[in-house]
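Undergrad: sequence plus predicted model, see below.
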Amino acid sequence: MQKGQTVVVVVLALVALLAVAGLALDGTNIYRARRILQNAADKGALGGSLFIAMNKGVTTITRQQVWNEVSRYVQMNGGNPQTAVAYLVVNEDCDGRADEDRVDGVDNDSDGRIDEDPTSVGNPLLQLDANTVRQTGNLTIDRSVEGVWCSTRGTIQVLFGGFLMKPEETVQAQARADIRAVGVVPPGQGVAPIAVHYEIVRRAQRGDILTVWDGYSYQATLQQGNQSTNYGEPANPYAGWLNLEWIHNAERDHIENREVDQSPGTNELRQWIRDGSPFSIYAGPISLPPNPPSTQGDFIFGEPGIRAAALHELRNYVGRTFIFVVYDRWHDRNSLNQMFPNHGSFPQKTFYHAIGFVAVRLTEVRSSGNPKYVRGSFEYFTTGGSMIPGAGIACDDMMARTVVLVE
């Protein structure tokens, strides 16, 4: 090979090496920028949804307030609020609108993924960004809002792209956080051994008074202002006490044995009230008649009324907020034997199917005389944690809620 040819080969090799190095550097920078923007989008969606969950039903929330939270979290995590956009995610099951009237701009083609361009299918009135909130920021949001979708965008300089007349690269990330009913409550988180029927919880509002009776023909009373409604009868209980050391769950029994003690004593009951449930409680999907009963989630051993030992201990905690288990159906032994034929015979007791949780602040406990009862007010409750797909109710205001990143 002649000297001139060698020089040409060396130059071409250097150009190739520079191109590879440029591509590698550009790729690294794009990846890093996308990671930053993804984190900003995640935090923006979570921050906006958490603000809604903490305040919805407690005070009036405007779109401007939600956008302020979204943009604050975006900026705190390396994004630019001026190039970010958010959408309020609406659940049509909460607002009564038909599917074609959805204005969330999210997954309207039902493919399980967020639409890449929500502006093509969404209503701009629900869009939140630095421009639209100037026009619609004072509008309030209602209970149909169940989350926030957030997109962040940025532009970075690229080395190799300059040779191709494209010196900049646009990077985008998106995330969605939903407000959902809590699906799991870990041990020691204030779960009292009391179950309340979903029919009561779905009708309740913050501040309404719940009384769970012992020894009455009905088991619970919901007081809303001057109006009181009684629920339950001996053959169809609407509240009851729970044995938190005997819980059946067909999907989790091979992981953890919670069918421990059919006859807990006074000390166990008092300890549950002081320290919370000894086990995690898992909510399952709701299934009301005439639909067949769900076999997912926890079936908790118990019976109507409240144990005397529990009432005596609860007297020490007036003013404290407890978590009550919400159930959709109760089952007897024969029912569970049919639903879970491979389990073996169940104890001769009532079993409550857990579908979620509700917070109740105790205001009064009467543990002697007749009638005996525990009384408290419904409270909004938002906590960190996880949800089980299909578990709990997303739209009911009083169900304990959590915020979960779903996309």
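TA: Nice, thanks for sending it over. Numbering: from 1, shown residues only.
Undergrad: domain ranges for the chain?
TA: The record assigns the chain these domain ranges, following automatic domain parsing: 3-179, 184-405.
Undergrad: save the ones you listed as TSV, and put in mean neighbour count too.
TA: Just so you know, the C-beta spots here come from the backbone N, C-alpha and C atoms, and that holds for glycine as well. Putting the domains of the chain into TSV (neighbours: other C-beta atoms under 10 Å) gives the following:
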stretch	mean neighbour count
domain 3-179	17
domain 184-405	19
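Undergrad: I'd like those domains laid out as CSV, including mean pLDDT.
TA: Converted to CSV, these look like this (pLDDT from 0 to 100):
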stretch, mean pLDDT
domain 3-179, 70
domain 184-405, 91
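Undergrad: look up how far residue 319 lies from the most centrally placed residue in the chain.
TA: By C-alpha atoms, centre = their mean, the mean C-alpha position of the chain lies nearest to residue 180, the distance being 2.7 Å. Noted for residue 180: a distance of 29 Å to residue 319, by C-beta to C-beta, to the nearest Å.
Undergrad: same deal with residue 331?
TA: To residue 319, residue 331 is 34 Å away according to C-beta to C-beta.
Undergrad: packing partners for the longest strand along the chain?
TA: When the chain is scanned for its longest strand (criterion: DSSP state E), the result is strand 350-366. Helices and strands touching strand 350-366, by 3 or more C-beta pairs under 8 Å, 6 or more residues apart in numbering; DSSP states H and E, are strand 191-197, helix 198-203, strand 239-248, strand 281-282, strand 299-304, helix 308-314, strand 321-331, strand 372-379.
Undergrad: all strands of the stretch 151-300 of the chain, in order?
TA: 168-181, 184-185, 191-197, 209-214, 220-224, 227-231, 239-248, 281-282, 299-304 (DSSP state E, counting those that start in this stretch).
Undergrad: wait, which of the ones you listed is closest to residue 361?
TA: strand 209-214 (10.0 Å; C-beta to C-beta).
Undergrad: CA atoms only: put that closest one into CSV for me.
TA: Extracted in CSV, the C-alpha atoms of strand 209-214 (Å, rounded to 0.1, in the frame of the first residue of the first chain):
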residue,chain,number,x,y,z
ILE,A,209,-71.4,9.0,62.6
LEU,A,210,-71.2,5.2,62.6
THR,A,211,-72.4,3.2,65.6
VAL,A,212,-71.6,-0.5,65.7
TRP,A,213,-73.9,-2.3,68.2
ASP,A,214,-73.6,-5.4,70.3
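Undergrad: I'd like to check the angle between that strand and strand 321-331, please.
TA: Angular relation of strand 209-214 and strand 321-331 on a 0 to 180 degree scale: 60 degrees, by axes from the mean of the first three to the mean of the last three C-alpha atoms, to 10 degrees.
Undergrad: how distant is strand 209-214 from the center of its chain?
TA: In this view, strand 209-214 has its centroid 27 Å away from the chain centroid, taken as C-alpha atoms, centre = their mean, to the nearest Å.
Undergrad: which ones are touching residue 215?
TA: Contact analysis of residue 215 by C-beta atoms under 8 Å, 6 or more residues apart in numbering lists 305, 370, 371, 372.
Undergrad: rerun at 6 Å
TA: Residues in contact with residue 215 (C-beta atoms under 6 Å, 6 or more residues apart in numbering) are residue 371.
Undergrad: and for residue 49?
TA: 147, 148, 177, 179, 403.
Undergrad: now the first one: how far from residue 385?
TA: Pointing back at residue 147 there. 16 Å.
Undergrad: and the helices in the protein?
TA: Counting by DSSP state H, the chain has these helices, from start to end: 3-55, 63-76, 92-95, 133-136, 159-163, 198-203, 266-275, 308-314, 333-339.
Undergrad: hang on, the earlier thing: closest one to residue 29 among the helices and strands packed on strand 350-366?
TA: strand 281-282 (44.1 Å).
Undergrad: quick check: nearest residue in space to residue 268, chain neighbours excluded?
TA: Once flanking residues are discounted, residue 268 sits nearest to residue 245: 6.5 Å by C-beta to C-beta, 6 or more residues apart in numbering.
Undergrad: wait, isn't that neighbour in contact with residue 265?
TA: No. Taking contacts as C-beta atoms under 6 Å, residue 245 lies outside contact range of residue 265: 10.4 Å.
Undergrad: ok so, going back, in TSV: the strands of the stretch 151-300 of the chain, plus distance to residue 339.
TA: Listed next are the strands of the stretch 151-300 of the chain as TSV, based on distance: least, C-beta to C-beta, whole Å:
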stretch	distance to residue 339
strand 168-181	23
strand 184-185	22
strand 191-197	18
strand 209-214	27
strand 220-224	25
strand 227-231	25
strand 239-248	10
strand 281-282	16
strand 299-304	9
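Undergrad: with residue 88 as the reference, name the closest of those.
TA: strand 168-181 (11.0 Å).
Undergrad: quick one: list the elements packing against the closest one.
TA: Packing contacts for strand 168-181, counted by 3 or more C-beta pairs under 6 Å, 6 or more residues apart in numbering; DSSP states H and E, involve helix 3-55, strand 145-157, strand 401-405.
Undergrad: check contacts around residue 242.
TA: Counting by C-beta under 6 Å, 6+ apart, residue 242 touches 193, 195, 300, 302.
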